[in-house]
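In: Pasting the sequence and the predicted coordinates here, then a few questions.
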Amino acid sequence: MKMENKPKKDHHPEDEEERSEADKDEEGVDDFDRDDSDSGEIVERWRAYVESADTPAQLALALQLLESSVAWELVHTLRLCQICRIKCEDPSATLRCTACRFSYHQECCKSPPSREWFCPACVESSTQVPTCLICSRQLDDLVTCRKCYHFFHAECATDSSFDCCGDFLCKGCDPRLFERRVIAHGECDDYIEADDPSDPAEHHHHIPNGHHPPQNRDIRKPLKRKAEAPPPVVFPIEMNADLCRAMLDELECQPGVGPFLEPVDLDLVPGYREAIANPIDMASIRNRVDAQCYETPDDFAADMELMFSNCRTFNEDDSPVGIAGRSHTPKILS
């Protein structure tokens, strides 16, 4: 067998230098633009996969991939007011919980501040008594937000609203109020003043005729945002409703789901209403889907989790209903 001698490529130092310079140029590309292009390509591929999905299992896989791809920044979350969801800018007007370290605006939270201040959510968790998130009082006339499941007094949450199904939405969860807050407070921080320390007076020099020298036009430079979560992918309403119906149809075909199909008969199950504050079932969830009450898949998943949570609360773990609830929970929420 003959061995063919392939010609060796000539090694030119000039080519290596050009390649190294090209690599450096590529490394010097702005991180913000590169991240945007990569993220945009990934989102487009994800959308194409969702559009071509034929089964609920494929859609569930797409949702799981989306959820695992979202990177939340804890420090940014801690600085958000837990009532209005706006970042707490002024430390002197901010209350920070001693236990959970979450922040609250003093104007949003009516509970009196103290040296060791505990937020209403931590008070509710420690006492196991429903507590108003705004005033921290534990009274019976409380309403529950459909999304975050926090308790509020109607007189405290005067700027909140009710959705199309008549369910209460606090101002931190109402998307309409959120859009207004973004318009009012959503000052873009992509551009900031870049002061030159060598000549601080250069940027503050005023010209009588109102014109600015050309070199001052590039004072505002784009900077990369850091430690912020990427914007979530918004599903069309009809697509979200179809996805929810498909998951309900798939669950209804599973064995042992009979107790979850209809509301609990209070005559047959005495004491259920006293033990479960927010009863819900698959028929009620399907009615909400048909009324387009779920704006995102997370809203649908929250009601499904509430249904199985009620099951775990009221039923023993070794009972038939308790076993069915535990077996079906990971199929829907994973």
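Out: Received it, and whenever you're ready, just let me know what you need.

In: alpha carbons only for contacts and neighbour counts from here, please
Out: OK.

In: can you give me the strands in the stretch 101-250 of the chain?
Out: 103-105, 142-144, 151-153, 161-162, 168-169, 191-193, 220-222 (DSSP state E, counting those that start in this stretch).

In: what's the straight distance from one end of stretch 89-109 to the other?
Out: Start-to-end span of stretch 89-109 (CA to CA, to the nearest Å) is 15 Å.

In: give me the low-pLDDT residue ranges for this protein?
Out: 1-39, 68-78, 113, 140, 160-166, 175-235, 317-318, 325-334 (pLDDT under 70).

In: Break it into its domains for me.
Out: 75-184, 237-266+279-333 (automatic domain parsing).

In: Looking at those domains, which is nearest to E41?
Out: domain 237-266+279-333 (21.4 Å; CA to CA).

In: Count the residues that sit near C84.
Out: C84 has 19 neighbours, counted by other CA atoms under 10 Å.

In: gap between P259 and P320?
Out: In terms of CA to CA, P259 sits 10 Å off from P320.

In: scratch that, V269
Out: 15 Å.

In: Between the two, point out the one with more neighbours.
Out: Set V269 next to P320 and count neighbours by other CA under 10 Å: P320 wins out with 12 against 9.

In: Return the distance of that one relative to C311.
Out: P320 is 11 Å from C311, where distance means CA to CA.

In: again, but for P263
Out: Distance from P263 to C311, by CA to CA: 12 Å.

In: Who has more neighbours out of those two?
Out: C311 (22 against 13).

In: ok so the more buried one is a strand residue?
Out: No. Per DSSP: H, G, I helix; E, B strand; the rest coil, C311 lies outside any strand segment and is helix.

In: Verify the contact between it and I323 for me.
Out: No. If you go by CA atoms under 8 Å, C311 and I323 don't touch, sitting 9.5 Å apart.

In: and C293, how many residues sit next to it?
Out: C293 has 19 nearby residues by other CA under 10 Å.

In: Pull the number of nearby residues for E44.
Out: Other residues close to E44 by other CA under 10 Å number 11.

In: got it, and R146?
Out: Neighbours of R146 (other CA under 10 Å): 21.

In: try L142
Out: 18.

In: Please apply the same query to C108.
Out: With other CA under 10 Å as criterion, C108 counts 18.

In: wait, doesn't L95 sit right on Q106?
Out: Yes. Between L95 and Q106 there is a contact under CA under 8 Å: 6.1 Å.

In: out of these two, which sits in the more crowded spot?
Out: L95 (25 against 18).

In: give me the number of residues near the nearest residue to the more buried one once chain neighbours are set aside?
Out: Leaving aside its chain neighbours, L95 sits nearest to Y104 (5.0 Å; criterion: CA to CA, 6 or more residues apart in numbering). Neighbours of Y104 under the rule other CA under 10 Å: 27.

In: Isn't Y104 up against K87?
Out: No. Using CA under 8 Å, Y104 makes no contact with K87, being 9.1 Å away.

In: Need the residues touching each of those two.
Out: L80, C81 (CA atoms under 8 Å, 6 or more residues apart in numbering).

In: Name the helix or strand for C100, please.
Out: Of the helices and strands defined by DSSP states H and E, none includes C100.

In: Next up, phi/psi of it, please.
Out: phi -100, psi -10 (degrees, to the nearest 10).

In: what's it in contact with, if anything?
Out: C122 are the contacts of C100 under CA under 8 Å, 6+ apart.

In: and it, how far is that from H150?
Out: C100 is 16 Å from H150, by CA to CA.

In: Next, the buried residues of stretch 269-287.
Out: Applying a neighbour-count criterion of 16 or more other CA atoms under 10 Å, one finds Y272, P279, I280, D281, M282, I285, R286 buried in stretch 269-287.

In: Could you dump the residues you listed into JSON lines and include secondary structure and distance to C253?
Out: Below are the buried residues of stretch 269-287 laid out as JSON lines (DSSP: H, G, I helix; E, B strand; the rest coil; distance: CA to CA, whole Å):
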{"residue": "Y272", "secondary structure": "helix", "distance to C253": "26"}
{"residue": "P279", "secondary structure": "coil", "distance to C253": "22"}
{"residue": "I280", "secondary structure": "coil", "distance to C253": "19"}
{"residue": "D281", "secondary structure": "coil", "distance to C253": "16"}
{"residue": "M282", "secondary structure": "helix", "distance to C253": "13"}
{"residue": "I285", "secondary structure": "helix", "distance to C253": "16"}
{"residue": "R286", "secondary structure": "helix", "distance to C253": "15"}
